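**Q** Mind folding the following:
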Amino acid sequence: MESMKTSVLVRRFLPYYKKYWKTVLFDLFCAALTSAGELVLPLIVRAITGRATSPEGLASLTPSFVLTMGGIYLLLRIIDAAANYYMQYIGHVMGSKLESDMRTDLFHHLQQLSFSYFSSTKVGQIMSRITSDLFEVTEFSHHCPEEFLIAGVKIIVSFIVLIRMNVLLTCLMFGVLPFMVFFAWRYNHKFRAAFKNRNKQVGEINAQVEDSLLGIRVVKSFANEEVEEHKFDEGNRLFLKFKTESYRYMAEFGTSNRIFDAIMYILVVVVGALQIIGGHLTVPDYTAYLLYVSVLLTAIRRIVEFIEQFQRGMTGIERFYEIMDAPEEIRDAPDAVELSHVRGEVTFENVGFHYQGDETEVLHRLNLKVNPGQSVALVGPSGAGKTTLCNLIPRFYDVTDGRILVDGHDVRSLQQRSLRQAIGMVQQDVYLFSGSVLDNILYGKPGATRQEAIEAAKLADAHDFIMMLPDGYDTYVGERGVRLSGGQKQRISIARVFLKNPPILILDEATSALDNESERMVQRSLEKLAKGRTVFTIAHRLTTIRNADIIWVLTENGVEEMGTHAELMARNGIYAGLYRMYTENVQGGASPGAPAQH
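**A** Residues are numbered from 1 along each chain as shown. Have a look, this model is predicted:
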């Protein structure tokens, strides 16, 4: 991906300062105050040296004058200390608040992105951008204005003071600055590319570590620890390469600036001395020049050192906007209405669908209708579009042709939140959040009471096993519910849907990964859950759908057969063949949990 221009990034980033403009202005005022002491010191030394070398000699250098100069400088240093405290404390806090705002915006935007984004983006990369990349922005956000203002004040004031002392020497000294700026500009792009590669590789390492740790049971079952270590070493080696590259650029840049430092000092020492010999520069002015060169080079050195931080910040901002610019493919229409008093009628009118970037149609001109409270089962070979069809109802994806209606409303005309609140899903791959059993059940209806959650668990036949856990409903389930069995996780997910109490239900192979005993318990829970609701069931275990009101046989050609179990068996078509094959596999000793061979 091509890098964004620095000017574009800065312009897009500036609105984040709006909430804190008063803090920013006072922070910049304090930054200017911290420059006062350094800028005034050479003038104080010049005044003292001037009196000491004047015709009157030491007689004009009175204790009262020295103490006055010392008092002025002391006052300036006290002001400098107070201003620096504000910058270090309030300035950093402002940067942290700004970082927090960006992280909030980023997380909010991620919540709005469709499934297609997450199917093509590694979670480790997202985690890197929402954490470490934004850490860099904190430092950049308050140091950037400060450093540039301080350097600007020192350079401008130094130039004004020095040009009045000696035009030739000042022009020679400041003539070096354009060359320093040129080198800074030249290395600017190299720094950006190096830091971007480095940050991207951090995301890759995060993704690889996450993948390996989440799959640790598979890793150990295949004794593939060395394979994972090799993959990690490769990623780590590449990270070291990019980091080494960034340090090489820093070293080259730093060395070139030290050379320019030396040139400026040599110019002041040699040309200044010659100017003294020629009577064009006094000793006090020469002393002030030497001190101002030190002030000037300190300011330039801080800018040089800040270039690295600046580019790290720019890289963080750029990676932030790469996600923020990802389009929200599924958005509410401006006039979207709330879905209320849901009956559960679902209609498919000439529905066609293909995934983004792939013109191959998964669904083509489907025309189907499901009445309120009707139970529909979808069967057919893998890849026929059963799950895709169900994912279109809650608008996880949008149809590419035709439309889907819920109670007569095109789902694209409805508010996503109200639409999805009307739909409950129980899937094969149950996801439980890190937390307690109670937390996971309450996820179905945030704000519900503990008693409501318990009632939902009882309806899902989960209460008894939950009470046998070490801490009952307060038992920690582990990452992704790892401390529970598949059947236990599934019944908790069913309790979650019971608590949600949606009028439309989608069961996506909810029992296909369970053993016989767990399947019976879960199936009983699902039958209770399905009562009085419009239900879509995707099943490989064909014996579980015999009681469905209607069965759709979905193939790559669309819905080829439709009817009850008895009607389809009597027709002796595709469904009958699939059903016989499944029952023969079961009777022949194949695992009931295995999908039918289609």
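
**Q** what packs against the helix or strand that residue 258 is a member of?
**A** Assigned by DSSP states H and E, residue 258 belongs to helix 225-266. Here helix 225-266 touches helix 177-214, helix 216-221, helix 283-324, going by 3 or more Cβ pairs under 8 Å, 6 or more residues apart in numbering; DSSP states H and E. Quick note: C-beta positions are derived from backbone N, CA and C, even for glycine.

**Q** for the ones you listed, which one sits closest to residue 496?
**A** helix 177-214 (21.6 Å; Cβ to Cβ).

**Q** Report the buried residues of the closest one.
**A** By neighbour count on 16 or more other Cβ atoms under 10 Å, the buried set for helix 177-214 is 180, 183-184, 187-188, 190-208, 212.

**Q** what's the answer for stretch 498-505, then?
**A** By neighbour count on 16+ other Cβ under 10 Å, the buried set for stretch 498-505 is 498, 499, 500, 502, 503, 504, 505.

**Q** just so I have it, where are all the strands in the protein?
**A** Along the chain, counting by DSSP state E, strands occupy 346-353, 363-370, 375-379, 401-406, 409-410, 423-427, 504-508, 534-538, 550-555, 558-563.

**Q** could you dump the ones you listed to TSV with distance to residue 104 and mean pLDDT?
**A** As requested, these are exported to TSV (distance: least, Cβ to Cβ, whole Å; pLDDT from 0 to 100):
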stretch	distance to residue 104	mean pLDDT
strand 346-353	33	93
strand 363-370	37	89
strand 375-379	40	91
strand 401-406	32	94
strand 409-410	32	94
strand 423-427	27	87
strand 504-508	31	88
strand 534-538	36	90
strand 550-555	42	91
strand 558-563	45	89
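
**Q** Make CSV out of those and add distance to residue 132.
**A** Rendered in CSV, the data for the strands of the chain read as follows (distance: least, Cβ to Cβ, whole Å):
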stretch, distance to residue 132
strand 346-353, 38
strand 363-370, 41
strand 375-379, 44
strand 401-406, 41
strand 409-410, 43
strand 423-427, 32
strand 504-508, 36
strand 534-538, 40
strand 550-555, 45
strand 558-563, 48
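
**Q** And the helices and strands packed on helix 225-266: which comes nearest residue 581?
**A** Residue 581 lies closest, by Cβ to Cβ, to one member of the helices and strands packed on helix 225-266: helix 216-221, at 29.5 Å.

**Q** Next up, the contacts around the nearest residue in space to residue 491 that is not next to it in sequence.
**A** Nearest non-adjacent residue to residue 491, counting by Cβ to Cβ, 6 or more residues apart in numbering: residue 462, 4.0 Å away. By Cβ atoms under 8 Å, 6 or more residues apart in numbering, residue 462 lies in contact with 488, 491, 492, 494, 495, 525.

**Q** Filter those down to the ones in helices?
**A** 488, 491, 492, 494, 495, 525 (DSSP state H).

**Q** Now do residue 90 against residue 13, distance only.
**A** In this view, residue 90 and residue 13 are 20 Å apart by Cβ to Cβ, to the nearest Å.

**Q** can you check residue 404 too?
**A** Distance from residue 404 to residue 13, by Cβ to Cβ: 40 Å.

**Q** With residue 550 instead?
**A** Separation of residue 550 from residue 13 (Cβ to Cβ) stands at 56 Å.

**Q** who has more neighbours, the two?
**A** More crowded of residue 550 and residue 13, by other Cβ atoms under 10 Å: residue 13, with 21 against 17.

**Q** is it true that residue 290 touches residue 273?
**A** No - in this structure residue 290 lies outside contact range of residue 273 using Cβ atoms under 8 Å: 10.8 Å.

**Q** okay, the two: which has more neighbours?
**A** Neighbour totals were compared for residue 290 and residue 273, and residue 290 leads with 15 against 12 (other Cβ under 10 Å).

**Q** List the residues that contact the more buried one.
**A** With contact taken as Cβ under 8 Å, 6+ apart, residue 290 is in contact with 268, 269, 272.

**Q** The same query, at a cut-off of 10 Å, please.
**A** 42, 45, 265, 268, 269, 272 (Cβ atoms under 10 Å, 6 or more residues apart in numbering).

**Q** Put the buried members of those into a PyMOL selection.
**A** Buried members of the contacts of residue 290, defined by 16+ other Cβ under 10 Å, are picked up in PyMOL with:
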select buried, resi 42+45+268+272
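
**Q** Okay, and which of the contacts of residue 290 map to helices?
**A** Among these, DSSP H puts 42, 45, 265, 272 in helices.

**Q** The second one contacts residue 66, doesn't it?
**A** No - the pair residue 45 and residue 66 fails to qualify as a contact (Cβ atoms under 10 Å) at a distance of 11.5 Å.

**Q** picking that back up, among the ones in helices among the contacts of residue 290, which two are most distant?
**A** The distance between the two most remote of these (Cβ to Cβ) is 17.4 Å, for 45 and 265.

**Q** Let me know the closest of the ones in helices among the contacts of residue 290 to residue 256.
**A** Nearest to residue 256, judged by Cβ to Cβ, of the ones in helices among the contacts of residue 290 is residue 265 at 15.5 Å.

**Q** roughly how far apart are the closest one and residue 175?
**A** 14 Å.

**Q** swap in residue 212?
**A** Here the criterion is Cβ to Cβ. By it, residue 212 lies 57 Å from residue 175.

**Q** again, but for residue 347
**A** For residue 347 relative to residue 175 (Cβ to Cβ), the value is 78 Å.

**Q** Between these two, which is the more surrounded one?
**A** Shown here are residue 347 and residue 175; by other Cβ under 10 Å, residue 347 has more neighbours (17 against 12).

**Q** Identify the residues contacting the closest residue to that one other than its chain neighbours.
**A** With sequence-adjacent residues excluded and distances taken as Cβ to Cβ, 6+ apart, residue 347 is closest to residue 405, at 4.2 Å. Under the criterion of Cβ under 10 Å, 6+ apart, the neighbours of residue 405 are 345, 346, 347, 348, 349, 369, 411, 413, 414.
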